[in-house]
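S.K.: build me a model:
(2 chains)
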Amino acid sequence: MKVTKLALLFGLTAAVPTLSHAGTLEDVMKEGVLKCGVSTGIPGFSAADSNGEWKGLDVDFCKSVASAVLGDASKVKYFPLTAKERFTALQSGEIDVLARATTWTATRDASLGLNFAGVNYYDGQGFLVSKSIGVNSAKELDGATFCIQAGTTTELNLTDYFKANGMEYKAVTYDTSGQTIDGFKKGRCDAVTSDRSQLAGLRIKLDDPKSAILLPETISKEPLGPVVRQGDDAWFNVIRWTMFATIEAEELGVSSSNVDEMLKSSINPGIKRLLGATGKTGEDLGLKNDWAYQIVKQVGNYAESYDLNVGKDSPIQIERSLNKLWNQGGIMYPMPIR
Amino acid sequence: MTNKQLPVDGKGLLNNPQHRAIFFQILALALVVFFAFYFANNMFDNIESRGITTGFSFLNNTAGFGISQTLIPYDDGTSTFLDVFIVGLLNTLLVSVLGIIFASIIGLLLGVARLSSNFLMSKLALVYIETFRNIPILLQILFWYNVVLAALPSPRQSFVYLDSVFLNNRGLLLPEPILQSGSGAVIISFVLAIVAVIYLVRWSRQRHNDTGQEFPIFKVSIALLLLAPTLVYFIAGQPITAEYPVLKGFNFNGGLTIIPELLALLFALSIYTATYIAEAVRAGIEAVPKGQKEAAKSLGLKDYVILTKVVLPQALRVIIPPVINQFLNLTKNSSLATAIGYPELVTLFSGTTLNQVGQAIEIILMTMAVYLTFSILISLLLNWVNAKMAIKGR
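M.R.: Residues are numbered from 1 along each chain as shown, chains lettered A, B, ... in the order given. Here you go, the predicted structure:
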């Protein structure tokens, strides 16, 4: 008798299936909130303002996804993550999407069980130095000490660049970008190296931003984009097309201020398709047909988001250069929504 | 053991209490093994279904990032993640061993000062202990790091001592000894001098016990340790030279650099752990019966002799176990260095490496195994010391 009971117990436990996922899209819709991984504070990309509200290009991306999936840009829960925590948080399912100025590389794409949904900011690595050391080019940095953030592609590019130029350097590696700029402020290092956009954001955090300059060299390609777990194609599609929708909206001249008017009166078939007046791209993605309308209405198109957070209307003032639309001299090229 | 007190009626296999006890123990063990296996299996299933790479082959991959302090030769272009692991391990050991030495010295002095009959001294020790023991260690590490960085000048305005020692916010720069051929003889002579001193100490103690004659052991030992290597050094034609740090560009080149992160961490860990050691020392000394001290005093022994020959030998039995525990705590606390960027095991391996490789489970397991090994080694040491110090009946 005992033996049979025991066997039953073992049999039951063994029969419990391993934790299975219904799919992130269903999970998000059921919970009614999007769990979005952001940075611990990169000005322009994701940083909490003085009212504790998250602002930035990546934050706008989280909001766009929430608008498309849930129809409400405010239904986002932000998870501030350091560079070294981010992938584990995504792998373990703690967050639904990672929008944290993350560089797309082959190793990350292939070995981490993650997929990069695209590029929402083309960046490159640069150097921020104090004016007082009198350096005008990265080539003059032989023997310098650098403050770097741990677990970034930056660390690896720095080694490559100095090897290639036959120079030497010393690295002081910190956990967060806040600590990194702090080390620089206190004179622990001669220069900070990171993505140029981040350096521009960190520079305005200095007591006197004019005391530091960004060197002209860009030593790497840093395509930054949202990341999702591998093997969930429906969710991957939603993320990828949310990104394209914001860029497509800019290309078609649809912005948050004119979207209602466009929906009513536009005769452009492309705009009608984008806003869900015709076609059924939304349904195909497993969303409502007005998904892109909600994104533009509640968050805005790519240009609005860019200008407000990192571009001409922001304190950081970064030129759009590579991030201009493909037909305006940049490489932002949304795949056709049809 | 209790089974023996129960009447064993031995009616069949099931009613025998001893058999039952064994049965339930086997059952419990089986359950533990089953659940461990179940969870491990579940984990590997999930990892595989998510397409995450597993295994330890990443250790042979090139790391490709710079490290601010390496005790073994490390090249950021060619060294592997295994090298990074070893670098981190050695850096943890370095700060732990140095921390243990400093914390023990400060702690012993403080503990004795705490019991001093000098009012000022005992109260100062009390204030020190109560202050530093009650501030979280992480805060102290951050505090000292900021103090170190704020107080030290930039490389061009370094504090200089004798044109060879420099102190600035890049660290403490010392001349580095360069060993040339023939330097082996100097090192051998130094080791021989140490061995000779050990024998001398034993001999003089034996003679003191037998005849009561004193021998100036301290002066003779110092002379031996200094003179023998110096003589050989000059006879062999000065084979050890020094490389001095030189200001080149905006940084110093050459020489030995002690980075400010190490200084700050060492400072914080020593000061913090010393308070606990001081309390252990005080407890140990107070545990020695008052009569022992009074008896020694009535024999006319000096205070110093009473402390070293009567009190401490008895107190050590009480002091050593908690102190070794503190050594272990210090080693584990060194992982807080991640807050200030000192490249120890947790920062380098379960921080940077984990992020570059992304294999959380393997890397965290390896890191945990290291600390577990430290802990087990230290507790083995503790058992050995306990057995050695136990009161021996004669």
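S.K.: could I get the full set of helices for the stretch 151-300 of chain A?
M.R.: All helices of the stretch 151-300 of chain A, identified by DSSP state H, counting those that start in this stretch, fall at A:153-164, A:177-185, A:196-203, A:233-251, A:259-265, A:269-275, A:281-284, A:291-298.
S.K.: taking the stretch 101-250 of chain A, what residue is nearest to chain B?
M.R.: Nearest residue of the stretch 101-250 of chain A to chain B, counting by CB to the nearest CB: residue A:151, 2.7 Å away. Placement of C-beta: from N, CA and C, glycine included.
S.K.: ok, that residue - contacts?
M.R.: Residues near residue A:151 by CB atoms under 8 Å, 6 or more residues apart in numbering or on different chains: A:82, A:83, A:84, B:351, B:352, B:354, B:355, B:356.
S.K.: now do residue B:132
M.R.: With contact set as CB under 8 Å, 6+ apart, residue B:132 has these partners: B:140, B:271, B:272, B:274, B:275.
S.K.: distance check, it against chain A.
M.R.: Separation of residue B:132 from chain A (CB to the nearest CB, to the nearest Å): 24 Å.
S.K.: now that residue: which helix or strand?
M.R.: helix B:119-133 (DSSP states H and E).
S.K.: so for that helix, what's the average pLDDT?
M.R.: Mean pLDDT, helix B:119-133: 94.
S.K.: then that helix to CSV, C-alphas only?
M.R.: The C-alpha trace of helix B:119-133 is given here as CSV (Å, rounded to 0.1, in the frame of the first residue of the first chain):
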residue,chain,number,x,y,z
PHE,B,119,40.7,56.2,31.1
LEU,B,120,41.4,58.2,27.9
MET,B,121,42.7,55.1,26.1
SER,B,122,39.9,52.8,27.0
LYS,B,123,37.2,55.4,26.1
LEU,B,124,38.8,56.2,22.8
ALA,B,125,38.9,52.5,21.9
LEU,B,126,35.3,52.2,23.0
VAL,B,127,34.2,55.2,20.7
TYR,B,128,36.2,53.7,17.8
ILE,B,129,34.7,50.3,18.2
GLU,B,130,31.1,51.5,18.6
THR,B,131,31.4,53.9,15.7
PHE,B,132,32.8,51.6,13.1
ARG,B,133,31.1,48.5,14.1
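S.K.: right, and the helix or strand after that helix?
M.R.: Scanning onward from helix B:119-133 (DSSP H and E), the first element met is helix B:137-151.
S.K.: quick one: whichever helix or strand comes after that next one near chain A?
M.R.: The C-terminal neighbour of helix B:137-151 among helices and strands, as given by DSSP H and E, is strand B:159-161. No: using CB under 8 Å from any CB of the partner chain, strand B:159-161 stays clear of chain A, coming no nearer than 14.5 Å.
S.K.: one step back: tell me which of the helices of the stretch 151-300 of chain A sits nearest to residue B:259.
M.R.: Among those, the nearest to residue B:259 by CB to CB is helix A:177-185 (11.9 Å).
S.K.: now that closest one: average pLDDT?
M.R.: Confidence for helix A:177-185, expressed as mean pLDDT, is 88.
S.K.: briefly note if it comes near chain B.
M.R.: Yes: counting by CB under 8 Å from any CB, chain B has neighbours in helix A:177-185: A:179, A:183.
S.K.: give me the neighbour count for residue A:244.
M.R.: Residue A:244 has 22 neighbouring residues, counting by other CB atoms under 10 Å in any protein chain shown.
S.K.: how about the nearest residue to it once chain neighbours are set aside, what does it touch?
M.R.: Closest residue to residue A:244 apart from its sequence neighbours, by CB to CB, 6 or more residues apart in numbering or on different chains: residue A:334 at 4.2 Å. By CB under 8 Å, 6+ apart, the contact set of residue A:334 is A:244, A:245, A:247, A:248, A:251.
S.K.: at 6 Å what do you get?
M.R.: A:244, A:247, A:248 (CB atoms under 6 Å, 6 or more residues apart in numbering or on different chains).
S.K.: mind putting those into a markdown table with distance to residue B:56 and pLDDT?
M.R.: Below are the contacts of residue A:334 laid out as a markdown table (distance: CB to CB, whole Å; pLDDT from 0 to 100):
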| residue | distance to residue B:56 | pLDDT |
| --- | --- | --- |
| A:244 | 40 | 96 |
| A:247 | 42 | 96 |
| A:248 | 45 | 95 |
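S.K.: so which residues on the stretch 51-200 of chain B come close to chain A?
M.R.: Contact residues (CB under 6 Å from any CB of the partner chain) of the stretch 51-200 of chain B with chain A: B:51, B:52, B:53, B:64, B:65, B:66, B:68, B:76, B:77, B:149, B:154, B:169.
S.K.: determine which two of the residues you listed are furthest apart.
M.R.: Between any two of these (CB to CB), the greatest distance is 48.6 Å, for B:51 and B:154.
S.K.: before we move on, back to that, for chain B, see how far away the residue nearest to residue A:244 is.
M.R.: From residue A:334 to chain B the distance is 28 Å (CB to the nearest CB).
S.K.: residue A:153 versus that residue, what's the distance?
M.R.: Noted for residue A:334: a distance of 25 Å to residue A:153, by CB to CB, to the nearest Å.
S.K.: and the pLDDT at residue 226?
M.R.: Using chain A. With respect to pLDDT, residue A:226 has a value of 96.
S.K.: nope, chain B please
M.R.: Looking at residue B:226, its pLDDT stands at 85.
S.K.: ok, the one 10 residues further on next?
M.R.: Residue B:236 is assigned a pLDDT of 77 by the prediction.
S.K.: that older thread, so which of the contacts of residue A:151 sit within strands?
M.R.: Residues of the contacts of residue A:151 located in strands (DSSP state E): none.
S.K.: least trustworthy helix or strand in chain A by mean pLDDT?
M.R.: None of the helices or strands of chain A scores lower by mean pLDDT, DSSP states H and E than helix A:2-15, at a mean of 45.
S.K.: elements contacting whichever strand or helix holds residue B:92?
M.R.: In this assignment (DSSP H and E), residue B:92 forms part of helix B:81-114. On a contact count with 3 or more CB pairs under 6 Å, 6 or more residues apart in numbering or on different chains; DSSP states H and E, helix B:81-114 meets helix B:119-133, helix B:260-287, helix B:312-333, helix B:345-347.
S.K.: tell me which of those helices is the most buried.
M.R.: helix B:345-347 (a mean of 25; mean count of other CB atoms under 10 Å in any protein chain shown).
S.K.: tell me which other helices or strands that helix touches.
M.R.: If contacts are counted by 3+ CB pairs under 6 Å, 6+ apart, helix B:345-347 sits against helix B:81-114.
S.K.: what's the average pLDDT for the helix it packs on?
M.R.: 94.
S.K.: mind listing what the residue nearest to the spatial centre of chain A touches?
M.R.: Closest to where the C-alpha atoms of chain A average out (CA atoms, centre = their mean) is residue A:99, at 3.4 Å. By CB under 6 Å, 6+ apart, the contact list for residue A:99 reads A:36, A:58, A:61, A:62, A:226.
S.K.: cutoff 7 Å now
M.R.: A:36, A:37, A:38, A:58, A:61, A:62, A:226 (CB atoms under 7 Å, 6 or more residues apart in numbering or on different chains).
S.K.: which residue packs closest to it, ignoring adjacent ones?
M.R.: Once flanking residues are discounted, residue A:99 sits nearest to residue A:58: 4.1 Å by CB to CB, 6+ apart.
S.K.: same question for residue A:293.
M.R.: residue A:275 (4.5 Å).
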